[in-house]
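1. Sequence and predicted structure are below.
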Amino acid sequence: MRNEELIHPELAGVHVAEADSEDLTRSEVILKGALAAGAVYGAVMVGPFVRRALAMSGGSDVDILNFALTLEYLEASFYDEAKTRVKASGELKSLIALLADDEKQHVEALTATIEQLGGKPVAEPKFDFPYGDTAGFLKLAQTLEDTGVSAYNGAGPAIKSKEVLGAAGSIVQVEARHAAAIRLQNGEEPSPEAFDPTLSEAQVLKAVKPLIA
Amino acid sequence: MPGSKEHEQSREGKPAGNAIARAVGDPVSRRKFMALTGGSAAAAAFLAACGDDSGTTTTTAAKPSGTSETEQFGKGDIGILNYALTLEYLETAFYADVVKSGLFKGADLETIRKFGSEEAEHVAALTAAVKQLGGKPAPQPKTEFPLKSAKSVLELAGTVENLGAAAYLGQAANIESPEVLASALAIHSVEGRHAAALNTLLGKSITPDGAFAKPASAKTVLKSVEPFIVG
């Protein structure tokens, strides 16, 4: 089972944006790091690392936080809507309520942090979630949560401030926990791989674009 | 995970110090939190930022001396990796013992096997990483776990995995090299997945810390696992 392939069958052809001169320095550094990681981890891990490093942008922490905020808006909206849209009871109903609440807190925390750093939080997009029944909801939830984990993990090494990194780590662990819980609802393995794959910002935005109305 | 021959391309080893220098030079990084352990400070700052007062008091688990807490395992990233390796050895041994205990069958046994094999992959990756950085991998500790009943074993597994996830989170901001960080993050979230799955089996909350996972300092973690290390 490969998350990344399920989410992004088109990933192989992903376009790598040109970096500006300052970013180039950074990309170069990260790329070198990734290649070194390849040497460290061998063939098993090098593919994803190198591809992600190549695709990684040199955005500021505020940019990265705004990217995360967009994803959290999406998840918060998805679960908030599901509270009434999905006919759930018992365990699933409680889970949806928990996820809705966690994602809402992530939105609030990211918004506050962006403001604290002197940035401007992005506006919440309008979303459109294409699912018909509970099974469809759970399938989309799994994709969103797994993508969320990969998005944070992919952005992590580009974060400059240690406190923002720690905060992102604190959130990604919760996203991973959500992903595992949703996967169990789907009768899937909670941790399909020993190393969660990473996705670049461009890859993630491409994946969620169809959900933005 | 997709295989690749790309590792043949480079043996350049050490990442250039640029990114790190720039990160350290970033004014935000140097704020008052800089002196504190990254993970706990970040979580505290974050919780403060979002106005959540339900959990702030316990985010101080990690002591300001976070980095030096792993120095017994080696300097800098090598120390952090060896600390993680020690924990992964412990988890791997735990799951191996649980499989042998015969306490589990069917789907539960499969889950335990799967988690155990993932921990073993973490051991292999961390061992290789320490060697790559020119360090000596920490030795496999001798371990002993109380395996009395399926229920108590699941409880222990849940404790160990939640602690493991918190341990990685506690070190994230102490890691210097971007590739070590990327690897640690890739493992960290898997530990979080394991923890949530076990919590589900145990009928506990998947997110016991709420919307923001809390880090644990090396000191706290090592003290917690001490009873299981017999040599």
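-> That came in fine, so what should we check first? Only a predicted model underlies this, so the values are computations on that prediction, with no experimental measurement involved. Numbering: from 1, shown residues only, chains lettered A, B, ... in the order given.

2. can you count the residues close to the residue in chain A that chain B sits nearest to?
-> Closest residue of chain A to chain B, CB to the nearest CB: residue A:166 (2.2 Å). The way it works is simple: take the backbone N, C-alpha and C, and place the C-beta from them, glycine included. When neighbours are defined as other CB atoms under 10 Å in any protein chain shown, residue A:166 has 32 of them.

3. That one against residue B:175, yeah?
-> No. Between residue A:166 and residue B:175 there is no contact under CB atoms under 8 Å: 11.0 Å.

4. which helix is the longest one in chain A?
-> The longest helix of chain A (DSSP state H) is helix A:90-116.

5. Going by residue numbers, what spans are helices in chain B?
-> B:18-25, B:38-49, B:66-69, B:76-101, B:106-132, B:150-171, B:178-201, B:218-225.

6. Using CSV, lay out the ones you listed together with mean pLDDT.
-> Formatted as CSV, those follow (pLDDT from 0 to 100):
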stretch, mean pLDDT
helix B:18-25, 32
helix B:38-49, 43
helix B:66-69, 62
helix B:76-101, 97
helix B:106-132, 96
helix B:150-171, 97
helix B:178-201, 96
helix B:218-225, 96
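
7. can I get these in JSON lines with mean neighbour count and distance to chain A?
-> Formatted as JSON lines, these follow (neighbours: other CB atoms under 10 Å in any protein chain shown; distance: least, CB to the nearest CB, whole Å):
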{"stretch": "helix B:18-25", "mean neighbour count": "16", "distance to chain A": "4"}
{"stretch": "helix B:38-49", "mean neighbour count": "26", "distance to chain A": "2"}
{"stretch": "helix B:66-69", "mean neighbour count": "20", "distance to chain A": "11"}
{"stretch": "helix B:76-101", "mean neighbour count": "22", "distance to chain A": "10"}
{"stretch": "helix B:106-132", "mean neighbour count": "19", "distance to chain A": "4"}
{"stretch": "helix B:150-171", "mean neighbour count": "22", "distance to chain A": "5"}
{"stretch": "helix B:178-201", "mean neighbour count": "27", "distance to chain A": "4"}
{"stretch": "helix B:218-225", "mean neighbour count": "19", "distance to chain A": "15"}
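
8. Name all residues that make contact with the spatially most central residue of chain B.
-> In chain B, the residue lying closest to the centroid (CA atoms, centre = their mean) is residue B:168, at 2.9 Å. Contacts for residue B:168 were tallied using CB atoms under 8 Å, 6 or more residues apart in numbering or on different chains; they are A:169, B:84, B:184, B:187-188, B:191.

9. Recalculate using a threshold of 6 Å.
-> Going by CB atoms under 6 Å, 6 or more residues apart in numbering or on different chains, residue B:168 touches B:184, B:188.

10. any low-confidence regions in chain A?
-> Where chain A drops to pLDDT under 70, the residues are A:1-58.

11. Out of the helices of chain B, which is closest to residue A:149?
-> Comparison of the helices of chain B against residue A:149 by CB to CB identifies helix B:178-201 as nearest, at 5.0 Å.

12. Distance from that closest one to the middle of the chain?
-> 7 Å (CA atoms, centre = their mean, to the nearest Å).

13. other SSEs contacting that helix?
-> Applying 3 or more CB pairs under 6 Å, 6 or more residues apart in numbering or on different chains; DSSP states H and E, we find helix B:178-201 packed against helix A:21-41, helix A:134-155, helix A:162-185, helix B:150-171.

14. circling back to that earlier point, between the helices of chain B, which one is nearest to residue A:90?
-> helix B:178-201 (13.5 Å).

15. Tell me how many other residues crowd the closest residue to residue A:185 other than its chain neighbours.
-> Spatial nearest neighbour of residue A:185, chain neighbours left out: residue A:138 (5.4 Å); criterion: CB to CB, 6 or more residues apart in numbering or on different chains. Close neighbours of residue A:138, defined as other CB under 10 Å, add up to 23.

16. do you know how far residue A:138 is from residue B:170?
-> Distance, residue A:138 to residue B:170, by CB to CB, to the nearest Å: 32 Å.

17. Go ahead and flag the most central residue of chain A.
-> Geometric middle of chain A (CA atoms, centre = their mean) lands on residue A:148, at 2.3 Å.

18. In contact with it: list those residues for me.
-> For residue A:148, the contact set (CB under 6 Å, 6+ apart) comprises A:71, A:175.

19. ok so, going back, would you confirm that the residue of chain A closest to chain B contacts residue B:173?
-> Yes. Using CB atoms under 6 Å, residue A:166 makes contact with residue B:173 at a distance of 4.6 Å.

20. thinking again about what came up before, may I see the helices of chain B arranged in JSON lines, with distance to residue A:99 as well?
-> Formatted as JSON lines, the helices of chain B follow (distance: least, CB to CB, whole Å):
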{"stretch": "helix B:18-25", "distance to residue A:99": "32"}
{"stretch": "helix B:38-49", "distance to residue A:99": "19"}
{"stretch": "helix B:66-69", "distance to residue A:99": "31"}
{"stretch": "helix B:76-101", "distance to residue A:99": "27"}
{"stretch": "helix B:106-132", "distance to residue A:99": "22"}
{"stretch": "helix B:150-171", "distance to residue A:99": "18"}
{"stretch": "helix B:178-201", "distance to residue A:99": "12"}
{"stretch": "helix B:218-225", "distance to residue A:99": "28"}
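
21. and of the ones you listed, who's closest to residue B:144?
-> So among the helices of chain B, helix B:76-101 is nearest, using CB to CB, at 8.3 Å.

22. From the contact counts, what lies against the closest one?
-> helix B:106-132, helix B:150-171.

23. Who's the closest spatial neighbour of residue A:95, skipping the chain neighbours?
-> Closest to residue A:95 by CB to CB, 6+ apart is residue A:181, at 6.1 Å.

24. actually residue A:86, sorry about that
-> residue A:137 (4.9 Å).

25. show me the contacts for that neighbour.
-> A:82, A:86, A:131.

26. Which ones among the residues you listed map onto strands?
-> Members of the contacts of residue A:137 lying in strands (criterion: DSSP state E): none.

27. neighbour-wise, which of those leads?
-> With neighbours taken as other CB under 10 Å, the top of those is residue A:82, carrying 24 neighbours.

28. Grab the nearest non-local neighbour of it.
-> residue A:96 (5.2 Å).

29. Just to check, that neighbour is in contact with residue A:81?
-> No. In this structure, residue A:96 is not within contact of residue A:81 by CB under 6 Å, at 9.9 Å.

30. So between these two, which is more surrounded?
-> Shown here are residue A:96 and residue A:81; by other CB under 10 Å, residue A:96 has more neighbours (25 against 15).

31. For the more buried one, give its distance to residue B:200.
-> Counting by CB to CB - residue A:96 and residue B:200 are separated by 15 Å.

32. Next: residue B:114.
-> For residue B:114, the distance to residue B:200 - CB to CB - is 15 Å.

33. Now do the contacts for the residue nearest to residue B:135 when sequence neighbours are not counted.
-> Using CB to CB, 6+ apart and skipping residues adjacent in sequence, the residue nearest residue B:135 is residue B:78, 3.6 Å away. Residues in contact with residue B:78 (CB under 6 Å, 6+ apart) are B:130, B:133, B:135.
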